[in-house]
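[1] next come a sequence and a model predicted from it.
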Amino acid sequence: MTNILVTGAGGQLGRQILKRAERAGVQVTGVTSAELDITDRDSVGAAVTPGSVVINCAAYTAVDAAETDEDRAFSVNAVGPANLAQACAEAGARLVHVSTDYVFDGTSDVPYRPGDPTAPRSAYGRTKLAGEHAVLDALPTATVVRTAWVYTGVGSDFVSTMRRFERERDTVRVVDDQVGSPTYSWDLAGGLLELAAANSPMPPILNLTNAGTASWFQLARAVFAGVGADPERVEPCSSAEFVRPAPRPSYSVLSPDAWSESGLTPLRDWRNALADALDAPVHVDR
Ligand SMILES: NC(=O)c1ccc[n+]([C@@H]2O[C@H](COP(=O)([O-])OP(=O)(O)OC[C@H]3O[C@@H](n4cnc5c(N)ncnc54)[C@H](OP(=O)(O)O)[C@@H]3O)[C@@H](O)[C@H]2O)c1
């Protein structure tokens, strides 16, 4: 059986991969940032074993902080993945590297396909794009998987925050001019495990999100409705009212076509996934 190593295993996605693998009886080893710092080349080299599959979930994900901390973000998002790709190349291992819609400028109005021109508008996006290039340069057989709008429904993620606001506030204003595909980390974890188990060659870049699209406003309304609250308590506003250090893409929808065409199972509609996230806390640390 193939060994699967998950880096960044203490994060949102890494934890879900470990739980989903355990549920499915799949042998996976997870290493947190304390156990394996992917920017440490020697440690990475020692951790990657021949014939294994590495799923890299480690990243610098503080999008706004990256604007003033780009060197550190580059180290984690580009140098670290380069180390992993190099180690995989030397060990004859596969690498699945998770990336982001932020590599695009978000000005499209049709779903981004893997080969579309990239044009990141933030430090986070630039460093993640550099990581994609570093991975594919060092290991052309690697697969970069771009995802977007990931939530679990715990901690400070968007869905969890809307649940909290529903309890604490009469009304909430949420931006209605950014569109994406809300993606449940549990579903994303399942797709990545399917990819890790696949034996056939895969394209260098794939997209993976739940199906369907929504604005943040529409997602917030769906959360309110999903917990039995009045969705009208969520009011739309524009991004101009919530200016943040890093610009957010207006359009983050990623085409699932290459994923499906590669024989992999597309993820279900985001509304069904959200219902599970709100109803089935067995998946997550509540
Ligand atoms: N969340 C989203 O909406 C979203 C959207 C698109 C793409 N993605 C991508 O999805 C992947 C997983 O994101 P996530 O949501 O799970 O993020 P997350 O919760 O922030 O997890 C990232 C993990 O990486 C770890 N890490 C940071 N620096 C490291 C290093 N030098 N060595 C090893 N581990 C390190 C962090 O550990 P510490 O906490 O100890 O620093 C953390 O556990 C990332 O590639 C991200 O870019 C996420």
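    Cool, got the structure.
[2] can you name the residue of the stretch 1-150 of the chain nearest the ligand?
    residue 11 (2.0 Å; Cβ to the nearest ligand atom). Using the backbone N, CA and C atoms, a C-beta is placed for each residue, glycine as well.
[3] got the contact list for that residue?
    57-59, 61 (Cβ atoms under 8 Å, 6 or more residues apart in numbering).
[4] what does the longest helix seen in the chain contact?
    Counting by DSSP state H, the longest helix found in the chain is helix 123-138. Applying Cβ under 8 Å, 6+ apart, the external contacts of helix 123-138 come out as 59-63, 66-67, 69-70, 73-74, 76-82, 84-86, 89, 95, 97, 99-100, 102-104, 118, 120, 142, 144, 204-205, 246.
[5] center of the protein - which residue?
    Closest residue to the average C-alpha location of the chain: residue 147 at 4.5 Å, with Cα atoms, centre = their mean.
[6] is it correct that it is in contact with residue 208?
    Yes: Residue 147 lies in contact with residue 208 (Cβ atoms under 8 Å); the separation is 5.2 Å.
[7] what do these two both touch?
    Common neighbours of residue 147 and residue 208 (Cβ under 8 Å, 6+ apart) are 183, 188, 254.
[8] adding distance to the ligand and pLDDT, write those out as CSV.
    Formatted as CSV, the shared contacts of residue 147 and residue 208 follow (distance: Cβ to the nearest ligand atom, whole Å; pLDDT from 0 to 100):
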residue, distance to the ligand, pLDDT
183, 7, 98
188, 8, 98
254, 10, 98
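[9] just to revisit the earlier point, can you sort out which of the contacts of helix 123-138 also neighbour the ligand?
    59-61, 76, 80, 100 (Cβ under 6 Å from any ligand atom).
[10] how about the residues you listed in a markdown table, adding pLDDT, secondary structure and neighbour count?
    Below are these laid out as a markdown table (pLDDT from 0 to 100; DSSP: H, G, I helix; E, B strand; the rest coil; neighbours: other Cβ atoms under 10 Å):
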| residue | pLDDT | secondary structure | neighbour count |
| --- | --- | --- | --- |
| 59 | 98 | coil | 25 |
| 60 | 98 | coil | 23 |
| 61 | 98 | coil | 19 |
| 76 | 98 | helix | 22 |
| 80 | 98 | helix | 28 |
| 100 | 98 | strand | 27 |
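[11] please identify which of the residues you listed is nearest to residue 279.
    Lowest distance from residue 279 to those (Cβ to Cβ) belongs to residue 61, with 26.5 Å.
[12] how near is the closest one to residue 139?
    Separation of residue 61 from residue 139 (Cβ to Cβ, to the nearest Å) stands at 22 Å.
[13] now the helix or strand hosting residue 90 against helix 123-138, angle please.
    Using DSSP states H and E, residue 90 sits in helix 80-91. Calculated by axes from the mean of the first three to the mean of the last three Cα atoms, to 10 degrees, helix 80-91 forms an angle of 10 degrees with helix 123-138.
[14] from the middle of its chain, how far away would helix 80-91 be?
    Distance, stretch centre to chain centre, for helix 80-91: 20 Å (Cα atoms, centre = their mean, to the nearest Å).
[15] hmm, stretch 29-37 in reach of the ligand?
    Yes: judged by Cβ under 6 Å from any ligand atom, stretch 29-37 and the ligand are in contact via 33, 36-37.
[16] quick one: buried residues of that stretch?
    29-33, 36-37 (16 or more other Cβ atoms under 10 Å).
[17] with stretch 115-127 instead?
    Here stretch 115-127 shows 118, 120-127 as buried, counting by 16+ other Cβ under 10 Å.
[18] reformat the residues you listed as JSON lines; add pLDDT and distance to residue 19.
    Below are these laid out as JSON lines (pLDDT from 0 to 100; distance: Cβ to Cβ, whole Å):
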{"residue": "118", "pLDDT": "98", "distance to residue 19": "32"}
{"residue": "120", "pLDDT": "98", "distance to residue 19": "31"}
{"residue": "121", "pLDDT": "97", "distance to residue 19": "34"}
{"residue": "122", "pLDDT": "98", "distance to residue 19": "30"}
{"residue": "123", "pLDDT": "98", "distance to residue 19": "31"}
{"residue": "124", "pLDDT": "98", "distance to residue 19": "26"}
{"residue": "125", "pLDDT": "98", "distance to residue 19": "29"}
{"residue": "126", "pLDDT": "98", "distance to residue 19": "32"}
{"residue": "127", "pLDDT": "98", "distance to residue 19": "28"}
